[in-house]
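In: Sequence and predicted structure, then a few things I'm wondering about:
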Amino acid sequence: MAANYQTFDNCVQMSTVSVEADRDGGEPGRPTVAILGSGDYSRSLAGRLVRSGFPVAVGSRKPDRNARFFTQGVDVTTRQAALAGDRLVFVAVHRENYPALQADREALAGKILIDVSNNTQLHEAESNAEYLASLFPDSTVVKGFNVLSAWSLSSGLVGGSKEVFISSDDDNARKTVMHLAQDLGFAPVDYGSLRAAREIEAIPLRLLPSWHLALKMFSCVFVIFFLYCLYRIVIFRALQGTNQASHIPVSVMNMTFAGTAITMLCLVYIPGIFAVFAQLYNGTKYKRFPGGLDKWMLARKQLGLLSLLASVVHAVLSLMIWSPSYYARLFENTVTPSGEVEYGKLRWSGETFLLFGTLSLFLMTVLGVSSIPSITNAMNWREFNFVQSKLGWLVLLFAIVHNAVYGAEVFTLPALFSSYTIALFQLTLILPAILILMKVVTLLPCVSSRVDRIRRGWEREKPANRVVTPEEPQEETSLISA
Amino acid sequence: MAANYQTFDNCVQMSTVSVEADRDGGEPGRPTVAILGSGDYSRSLAGRLVRSGFPVAVGSRKPDRNARFFTQGVDVTTRQAALAGDRLVFVAVHRENYPALQADREALAGKILIDVSNNTQLHEAESNAEYLASLFPDSTVVKGFNVLSAWSLSSGLVGGSKEVFISSDDDNARKTVMHLAQDLGFAPVDYGSLRAAREIEAIPLRLLPSWHLALKMFSCVFVIFFLYCLYRIVIFRALQGTNQASHIPVSVMNMTFAGTAITMLCLVYIPGIFAVFAQLYNGTKYKRFPGGLDKWMLARKQLGLLSLLASVVHAVLSLMIWSPSYYARLFENTVTPSGEVEYGKLRWSGETFLLFGTLSLFLMTVLGVSSIPSITNAMNWREFNFVQSKLGWLVLLFAIVHNAVYGAEVFTLPALFSSYTIALFQLTLILPAILILMKVVTLLPCVSSRVDRIRRGWEREKPANRVVTPEEPQEETSLISA
Amino acid sequence: MAANYQTFDNCVQMSTVSVEADRDGGEPGRPTVAILGSGDYSRSLAGRLVRSGFPVAVGSRKPDRNARFFTQGVDVTTRQAALAGDRLVFVAVHRENYPALQADREALAGKILIDVSNNTQLHEAESNAEYLASLFPDSTVVKGFNVLSAWSLSSGLVGGSKEVFISSDDDNARKTVMHLAQDLGFAPVDYGSLRAAREIEAIPLRLLPSWHLALKMFSCVFVIFFLYCLYRIVIFRALQGTNQASHIPVSVMNMTFAGTAITMLCLVYIPGIFAVFAQLYNGTKYKRFPGGLDKWMLARKQLGLLSLLASVVHAVLSLMIWSPSYYARLFENTVTPSGEVEYGKLRWSGETFLLFGTLSLFLMTVLGVSSIPSITNAMNWREFNFVQSKLGWLVLLFAIVHNAVYGAEVFTLPALFSSYTIALFQLTLILPAILILMKVVTLLPCVSSRVDRIRRGWEREKPANRVVTPEEPQEETSLISA
């Protein structure tokens, strides 16, 4: 309930709305709603109810002191007075204060109590809602509205998720609360019986769940490349007596970010290719993908955004050390009579390398920008597919050229292999090359026409398809076409 | 129907909602809806219907095998069973499978069939909806819901366009389906009779239509500048014996992007000035602009974003080659006794040039950021006008200073004109200079007060205004004030 | 009403919707609505009404000439004909044309007139709505819909604020218009009596009100640092005979932006720390913060975005002059036999300095991106808190390292203090150091546990708390937890 952030502009303005007309009881037909508790959440919820035409009675321990924090039209009174009559009751207090409410047990009997609480960590034993239900066996407890912060209750903006998750053992109570949610402008989702309260209470505790897999993959790739470059550039040369440690912060990190960037980009497109091959192998689109492939497919947006992040860091670090001191091979040089080397402009390889890197980065930024929710929502799926898929492969292609041109002239130089490892720019070309090859295979007419038919519902009749049993778990997976 | 992308986080979570209460028939009063077909679209549509309280019966060829892909509360059964009773029927199969549905012709007679299909290309002859209507003359066909992807049906987010386009020959059927769309949380738009299905089916095939004009203008401007720079820097000098081809990738491209950037920026503000002059000439705001000017006005946002893109690419390429090797004139230099030239910090012209370029670019980025839909929607028109118009002219002003300072000291240097063409930095100053001049004219009190009056409805009575005939085409144009 | 911008893609497409079915009177039960006036606003409003099923009659001075600008289904006729019957009337003309409407006084008597006008500046005397009410004492005037631009009326997008503010002296009229607003898909907010029309008319004239405080603070900080650097780098040395004025544009500005960036970042986190100390001192969370602290808390998002802007400008300017000429101390150097200094790669200090600056900037960009409304709305408060608070402190930490490493080796160099002022990099470390110290104090277990209890409702009983009187002004402030 407590919002740890209130940095949004609308907050104060929302609370200064004068609502004179609702003093007498709001719109006819709208029942009075009671709220126990007078913190941030209670205040925002009261304002929202009043603006939607519901009279509100807030039960507080110190009604006189707290009344000033509520909008006009909200009746801030004692708990006893707030609970008079047959009303919906929002229990807007922290879990540890539930026992204190038992003083009003009689007044609460027979009423619907809506548990809006959250926890800062998961309770092993039972959810707050079930705990509340155990304390008030004569009342009906409904879990709901806990995913809303005080800010989203008071804000008038209608963007983003308006979903609220409702569950209760009593069907009628659940439906009543769902209707109230709709009247307040939210989209209720029925979660069934009160046992589901544990799931619902876990929802606001999730920390960017969709990013978990992508971040793990990123960390693995990053660490692998960092150790590889550390060995080639610092450790190996240290063994040979040269101290290059001072170049870890930028030189080594830059190469690490570069390798990570292009590899993450490949990881965005590989699952799609695998999915195509899986469908070709199965001969149908109605067979589930292996579990890991499914999760990988769902992580593609996050993988792409992490690739963009790595690319930008790589670009900036490169810009900072972009000079003949670090990239001598890419600069024109002349040797003066006195034996000094003077550097001038870039050679063709240097200019081409830069151009393709820049173009690749900018197209990738366009992809990233198109992932902003409000921009994604403004596109139809043909436009989105064009940007994410076709432009995406162009990004990869340009990145491969950028990578290849960098080492084109020294690809077979023996000195590169002195540490018994291949150069980074060669290592990073392996995965993209395989990926491009597989993509070309899927573009062949014979292959692509079969894939099209499978996606349109055609199925190859094979004994394999009949072995699928109906007892497989109900857990949903997505039937994603690559 | 088929979604080629399913990269969004919510997809799996949405489909795990347990909806026990709806097993018995959803909310009282909500009629059962049937869906023929069991692919991605059908699955997402079923989930959406169930969450809105409608019981759903899905008719599938293999109900046992496919049932596991649907949420609880959806009755996955045979086609015959799904079509029992008087229900709305969603036909969620591909066009080529329509004839196969004729086996259920009797069950479909007298029902409303909703055609949700899309094509991958436009059919010359007739729309899918009209084709379906021809196969089932005893049913009423309504075209609708085809612009929604499977993802937007299952997602609970409410951002972006929720519009669905409905058309049918039968008024009651159309209204029924429009009400259903509203119940599902969408915004139906009435498109009239079934003939409009061709238009509706074309909508998802559009590929960024608002960008077409801007991209064409960008391409023209880009090619013109590229050829101009190619001639001046490479071809002319090649004719004189110097090979500068290795500098095409960065040097020439950089100048091309720079010229394109400032020209595109001018193209954003020119139509506004033309509109002002058109209104002054006409003496009224109630006369339509010439067709081309209207389209140009509508493309201003895209023109601005392309200008920003070109500016950023120009900035990055410049940063990469920013050194005395490429920009000697802007660096302080001293000649050593041995005749060598040594470069130090930047001269005043170099520093001023950089500062104004940077400020111009960053203000332009603020403009670009304010174009993100969710940010645009949070601004009122006074704020939006302030950013796009006033800040915008500041961007142009700084760009002109950046451009002018670059060549200020060598503006009349004869060597510049050796190729019988003026320098790029002189060419790119022509259009902005004219534009600033025209803008200053419109700011003169006598002119601006008249423009204000015209916008507030004043009209100059001239014979020209009376010649306007009522038979002009109904085609809508926008009455845009500059 | 007049929209000075119409750059959005949807505009023309929206107006080509054919709405045949509504010719005969729209949906049954929807009353006809009249609009006086035929400009942009009237046109968009008419389209919106028709799409929501309301028949519309537009009263225009020149119905024949103007009819072509309206969608089909809108009856464009004379004012007299449009006002027939008992209808809601939108008065969509400019204030100076109100007296001209008195010709239809009789037709308007007894009707509800909705004043949708805006002004370009605030009128001292009375609002447009009250002026209209004085001209038509037999009609009921309702203020509303003025915050919508013509574009947001015609656009089908549902993002951003859909709020409309309604006020009227007549309760029933106000409720009627609020219901109409809901039917059109907007969220009405009740503002009470017609006196509130002055507030409502002021709303669209606000120019980024949430940014005012942050911009003032930014300007102060910026000017202070600019004068400080100007003195140290240019003025002091000018007094000593060296002209460094040519380095104001980039060198001095760069240092100014750098100092401003890190100081603005501190200003984001200071109010939170103050709030914690205030709550500790008060012993309760139910006492209001001092007025200034409250406003400062609300400005934190804008302060952060300005810090990001300054950081990016600083980064780009630094990149441009990043060379041994400007930053000799950070480069490896060797002295040739002939006494010349040659520079090579960066020293460890240079590379570390760059790495931490880059990481700090990129994390700050992630924070900035998470402020985009559609992305903010997709996060729950735990995720938002993680990004803004935890990542935020990491940004500050990296910035401090970046700052400290820059001068670590010369911290006590006497030459730095020749101008009787400390170096910029030392000055900019003072505020962050104090801030980190205060933050560490709040993280001590004894302190943080007490803060937690206070936030969960615990109060220390002190005479101070009982002195709070109920007569304090009703003006709302936010109870923000730090």
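Out: That came through fine. Residues are numbered from 1 along each chain as shown, chains lettered A, B, ... in the order given.
In: and the helix or strand hosting A:Ala57, average pLDDT?
Out: Using DSSP states H and E, A:Ala57 maps to strand A:56-59. For strand A:56-59, mean pLDDT is 91.
In: Sheet partners, orientation included, of it?
Out: Sheet pairing of strand A:56-59 (DSSP bridges) gives strand A:33-36 (parallel), strand A:74-77 (parallel).
In: Identify whichever of the ones you listed lies nearest to A:Ala275.
Out: strand A:33-36 (49.3 Å; Cβ to Cβ). No exception for glycine: its C-beta is placed from N, CA and C like everyone else's.
In: rank the strands paired with strand A:56-59 by pLDDT, which is bottom?
Out: Among the strands paired with strand A:56-59, strand A:74-77 scores lowest, with a mean of 88.
In: from the strands paired with strand A:56-59, which stretch is densest packed?
Out: strand A:33-36 (a mean of 26; mean count of other Cβ atoms under 10 Å in any protein chain shown).
In: Counting neighbours, what do you get for the nearest residue to A:Ile436 once chain neighbours are set aside?
Out: Nearest non-adjacent residue to A:Ile436, counting by Cβ to Cβ, 6 or more residues apart in numbering or on different chains: A:Ile400, 7.2 Å away. Counted with other Cβ atoms under 10 Å in any protein chain shown, residues neighbouring A:Ile400 total 21.
In: mind listing the strands for the stretch 301-450 of chain A?
Out: A:331-335, A:341-346 (DSSP state E, counting those that start in this stretch).
In: The residue nearest to A:Ile436 contacts A:Ile434, correct?
Out: No: look at A:Ile400 against A:Ile434 with Cβ atoms under 8 Å: they stay out of range, at 11.6 Å.
In: How are the strands of the stretch 51-200 of chain A distributed by residue range?
Out: Secondary structure of the stretch 51-200 of chain A by DSSP E, counting those that start in this stretch: the strands cover A:56-59, A:74-77, A:88-91, A:112-115, A:140-143, A:163-168, A:187-190.
In: what about A:Pro271, which helix or strand?
Out: Going by DSSP H and E, A:Pro271 is in helix A:253-282.
In: other SSEs contacting that helix?
Out: helix A:212-229, helix A:291-298, helix A:300-320, helix A:392-407, helix A:424-443, helix A:445-455 (3 or more Cβ pairs under 8 Å, 6 or more residues apart in numbering or on different chains; DSSP states H and E).
In: Tell me which of these sits most buried.
Out: Per-stretch averages of neighbours, counted by mean count of other Cβ under 10 Å, single out helix A:300-320 among the helices and strands packed on helix A:253-282, with a mean of 22.
In: close to chain C, is that helix?
Out: Yes: counting by Cβ under 8 Å from any Cβ of the partner chain, chain C has neighbours in helix A:300-320: A:Leu309, A:Val312, A:Val313, A:Val316, A:Leu317, A:Leu319, A:Met320.
In: What of stretch A:333-350?
Out: No: residues of stretch A:333-350 contacting chain C under Cβ under 8 Å from any Cβ: none, with a closest distance of 8.8 Å.
In: quick one: the residue nearest to A:Ile436 from A:Ile235, how far?
Out: Applying Cβ to Cβ, to the nearest Å, the value for A:Ile400 to A:Ile235 is 29 Å.
In: do A:Asn243 as well
Out: Computed as Cβ to Cβ, the A:Asn243 to A:Ile235 distance reads 11 Å.
In: what sits against the closest residue to A:Val250 other than its chain neighbours?
Out: Setting aside the residues directly before and after it, A:Val250 is nearest to C:Glu351 in space (Cβ to Cβ, 6+ apart), at 4.1 Å. Applying Cβ atoms under 8 Å, 6 or more residues apart in numbering or on different chains, we find C:Glu351 in contact with A:Ser246, A:His247, A:Ile248, A:Pro249, A:Val250, A:Ser251.
In: And these, which is closest to chain B?
Out: Checking the contacts of C:Glu351 against chain B with Cβ to the nearest Cβ, the nearest one is A:Val250 at 16.2 Å.
In: didn't that closest one look like it was pressed against A:Met320?
Out: Yes: using Cβ under 8 Å, A:Val250 is in contact with A:Met320, at 6.7 Å.
In: Return the distance of A:Glu459 relative to chain B.
Out: 9 Å (Cβ to the nearest Cβ, to the nearest Å).
In: I'd assumed A:Thr284 was in contact with that residue.
Out: Yes: with contact defined as Cβ under 8 Å, A:Glu459 counts as touching A:Thr284 (4.0 Å).
In: in chain A, what spans have low per-residue confidence?
Out: Along chain A, segments meeting pLDDT under 70 span A:1-29, A:120-124, A:151-152, A:154-162, A:286, A:457, A:461-482.
In: How is it divided into domains?
Out: Following automatic domain parsing, one finds the domains of chain A at A:2-205, A:209-455.
In: Out of the ones you listed, which gets nearest to C:Ser139?
Out: Nearest to C:Ser139, of the domains of chain A and by Cβ to Cβ, is domain A:2-205 at 20.3 Å.
In: Among the contacts of C:Glu351, which one has the most neighbours?
Out: A:Val250 (24 neighbours).
In: Contacts only, for that one.
Out: A:Leu317, A:Met320, A:Ile321, C:Leu346, C:Gly350, C:Glu351, C:Leu354, C:Leu355.
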